[in-house]
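**Q** 3D, please:
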Amino acid sequence: MKIVIRSMDGPKHLTLRFPLVFLKTRLAARILANNDEFKIDAKELHKRISSAYKFLKSYIKKNGHFDLVNVRSHEGDHIQIRL
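**A** Predicted structure coming up:
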């Protein structure tokens, strides 16, 4: 996943790269399962995340990368999250 933030103040911009493979780790599942909003076992959550990750990878392979979020403010700032 790539997060790009561009400012109208000049050529300043920020690009963050976050590997999606981190989402399917047991650590990520444990972190989400420890959240009080989720009432789910970490093992069950890990299985669900893994299946969603497989679907996402196959979708990207078949259709190419896509923008998850693409926002421009009225001030001209631009935020883009691309998978």
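**Q** Now the one helix or strand Lys54 maps to: buried residues?
**A** Applying DSSP states H and E as the criterion places Lys54 in helix 42-63. By 16 or more other Cβ atoms under 10 Å, the buried positions in helix 42-63 come out as Ala42, Leu45, His46, Ile49. To be clear about C-beta, it is placed using only N, CA and C from the backbone, and glycine gets the same treatment.
**Q** Which residues outside it are in contact with it?
**A** By Cβ atoms under 8 Å, 6 or more residues apart in numbering, the residues outside helix 42-63 that reach it are 20-21, 23-24, 26, 28-30, 32-34, 38, 66, 83.
**Q** Rounded mean pLDDT for that helix, please.
**A** Averaging pLDDT along helix 42-63 gives 90.
**Q** how far out from the middle of the chain is that helix?
**A** Taking Cα atoms, centre = their mean, to the nearest Å, one finds helix 42-63 lying 12 Å from the centre of the chain it belongs to.
**Q** which two in the buried residues of helix 42-63 are spaced the farthest apart?
**A** The most widely separated members of those, counting by Cβ to Cβ, are Ala42 and Ile49 (10.2 Å).
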